[in-house]
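*Asks:* heads up, no residue letters with this:
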């Protein structure tokens, strides 16, 4: 089965600093999904990557998928308190179907 | 906007009780999912359904059952709640898509405590 490893597990940054979260797969990624979760709430979809080398941005968040399609990174520029939460990556399961496998998440705290 | 709602945000039950968690989506999605989320373990799939009356076991189905009598509603049932089922339960739905097109829409979650 596909496994997703996220790093770091937790992160504390000062407001205004940049940061990067990584998601590594044991298998080729057909689709890589990034979600954000505020504490105690559901997941909010951020963006999806499919092609090797693909890069997408939304406001100050940029996600990339490497050429081999086994690693993705999420980069936040000039972090703000509103960026705080848990970031999870999810991937399409191999062998078809609509199930996603999720990483264990990265908890981000942004200090003033 | 796609909306996925869950019947309760917080629930407290006693060991041995039968517990029903309800999930409703309003976008005519074929697929619906139930996850539980625990610290350090991430999201783990309990059951999913790809059509009315159809269900498949996920990674951790033991102690749970599901029901999908209508397309928009997917229920998770704990036949006899135990303390190790204390967790955050998340419901999600998605269209029947191909690989790489499976963005899932999540409900707000139900935090269940079993005493």
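*Replies:* Yep, that arrived. Predicted model, so just to flag it, every value in this text is computed and none were measured.
*Asks:* got any ranges where the chain has weak pLDDT?
*Replies:* In the absence of a named chain, chain A is used. Along chain A, the parts satisfying pLDDT under 70 run over A:1-2, A:93-98.
*Asks:* please refer instead to chain B.
*Replies:* B:1-2, B:96-102.
*Asks:* residue in chain A nearest to chain B?
*Replies:* As assessed by CB to the nearest CB, chain B sits closest to residue A:31 within chain A, at 3.3 Å. Every C-beta, even on glycine, is put in place using the N, C-alpha and C of the backbone.
*Asks:* surely that residue and residue A:92 touch.
*Replies:* Yes. Counting by CB atoms under 8 Å, residue A:92 is a contact partner of residue A:31 at 4.3 Å.
*Asks:* higher neighbour count, these two?
*Replies:* Higher neighbour count among residue A:31 and residue A:92: residue A:92, with 25 against 22, using other CB atoms under 10 Å in any protein chain shown.
*Asks:* center of chain B - which residue?
*Replies:* residue B:34 (2.4 Å; CA atoms, centre = their mean).
*Asks:* so that residue bridges to which residues?
*Replies:* Beta bridges link residue B:34 to residue B:47, residue B:91, judged by DSSP bridges.
*Asks:* so what's it up against?
*Replies:* By CB atoms under 8 Å, 6 or more residues apart in numbering or on different chains, the residues touching residue B:34 are B:21, B:23, B:45-48, B:58, B:64, B:66, B:74, B:76, B:89-91.
*Asks:* gap between residue A:80 and residue A:112?
*Replies:* Distance, residue A:80 to residue A:112, by CB to CB, to the nearest Å: 10 Å.
*Asks:* so which of those two has more stuff around it?
*Replies:* The neighbour comparison of residue A:80 against residue A:112 (other CB under 10 Å) goes to residue A:80, with 13 against 7.
*Asks:* contacts only, for that one.
*Replies:* Counting by CB under 8 Å, 6+ apart, residue A:80 touches A:15, A:60, A:110.
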